[in-house]
Structures are given as structure tokens and as C-alpha cells.
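>>> Here is a sequence with its predicted model. Questions after.
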Amino acid sequence: MNAGKQTYLIDPDSEYVELAVEVFSMLADATRVRIVLALRSAGEMSVNHLAEVVDKSPAAVSQHLAKLRLARMVVPRREGTTAFYRLADEHASDLVSDAIKQAEHTVNSENVPHHEAKETGA
């Protein structure tokens, strides 16, 4: 079930615990989770395209992207007057993916969650 996942042991008193909480709070917003998922699948998208995908106004998406940029989760690129964004690395994407998998366990407690069915071929 955890094949391919390395165990990374961290001391509970690590200086990174508080920063990890900030990462979780940054992702504790449905629009930002949707933005991460959209960028995960597309690689790079303009603000307007992201706004269409997540069904929010470009202004709202820009505000969310600014927060994600400050958290160093996304990286901007300008082309003329258009801003494009991509994920800075795979970590935010992995966190969101793992959270979705956990949510599947919550909803599918009686059945095999979708991600495990795919892994086992069920």
C-alpha cells in the first residue's frame, strides 16, 4: 500500500513543525486545492484559464495565486501582459493528492477507496 513512499522521520520537536502547519493552512481552502490540482494536470496555466477551470473570477484566482506564490508553492511567468503559473515542485501536489486519498477513505469506509482499487487492479 505504501510502496514507493519513503519514510522520512522527523522529530516532533523539529523547527519545521510550525512551518508545516502553515503549509496545511495554505492548502485549507477549496479554491487553492483546485488550483493545485489544475496545475498538477496541466503543468502551466494562465490566470484566466485557471479561473475558468476552478469556476472563480480571475481577480479571486489572482489573490489565491498570490498566497500560493508567497508560500513558494507556485511560480509565475509573464508573457506580455499574461501571467502563467506552474507548481514550484511536486510537494504541494503530493500533499493535495494524499489529502484526497484520505478523504476517499472517509467517504468509502465500507468499500475499497478509488485509489486503492486502481493500485490493486480491483
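Ah, there it is. Numbering: from 1, shown residues only.

>>> can we go C-alpha only for contacts and neighbour counts from here?
OK.

>>> Would you mind writing the CA trace of whichever strand or helix holds Ser41 as CSV?
Per DSSP states H and E, Ser41 falls inside helix 30-42. The C-alpha trace of helix 30-42 is given here as CSV (Å, rounded to 0.1, in the frame of the first residue of the first chain):
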residue,chain,number,x,y,z
ALA,A,30,-11.0,24.5,-1.7
THR,A,31,-10.1,27.0,-4.4
ARG,A,32,-6.4,26.7,-3.7
VAL,A,33,-6.7,22.9,-3.7
ARG,A,34,-8.5,23.1,-7.0
ILE,A,35,-5.7,25.4,-8.4
VAL,A,36,-3.0,22.9,-7.3
LEU,A,37,-5.0,20.0,-8.9
ALA,A,38,-5.4,22.0,-12.1
LEU,A,39,-1.7,22.9,-12.3
ARG,A,40,-0.8,19.4,-11.5
SER,A,41,-2.6,18.1,-14.6
ALA,A,42,-1.9,21.0,-17.0
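
>>> Now the following helix or strand past it: average pLDDT?
The first helix or strand that comes after helix 30-42 along the chain, using DSSP H and E, is strand 44-46. Strand 44-46 shows a mean pLDDT of 97.

>>> now the top helix by length along the chain and helix 30-42, what's the angle there?
Counting residues, the longest helix in the chain under DSSP state H turns out to be helix 91-107. Orientation check (axes from the mean of the first three to the mean of the last three Cα atoms, to 10 degrees): helix 91-107 against helix 30-42 gives 110 degrees.

>>> Packing partners of helix 91-107?
Helices and strands touching helix 91-107, as assessed by 3 or more Cα pairs under 8 Å, 6 or more residues apart in numbering; DSSP states H and E, comprise helix 30-42.

>>> which other helices and strands contact the helix it packs on?
Going by 3+ Cα pairs under 8 Å, 6+ apart, helix 30-42 lies up against helix 47-54, helix 58-70, strand 82-87, helix 91-107.

>>> What count of nearby residues applies to Asp29?
Counted with other Cα atoms under 10 Å, residues neighbouring Asp29 total 11.

>>> Low-confidence ranges, this structure, go.
The chain contains residues with pLDDT under 70 at 1-6, 108-122.

>>> Okay then, goodbye and thanks.
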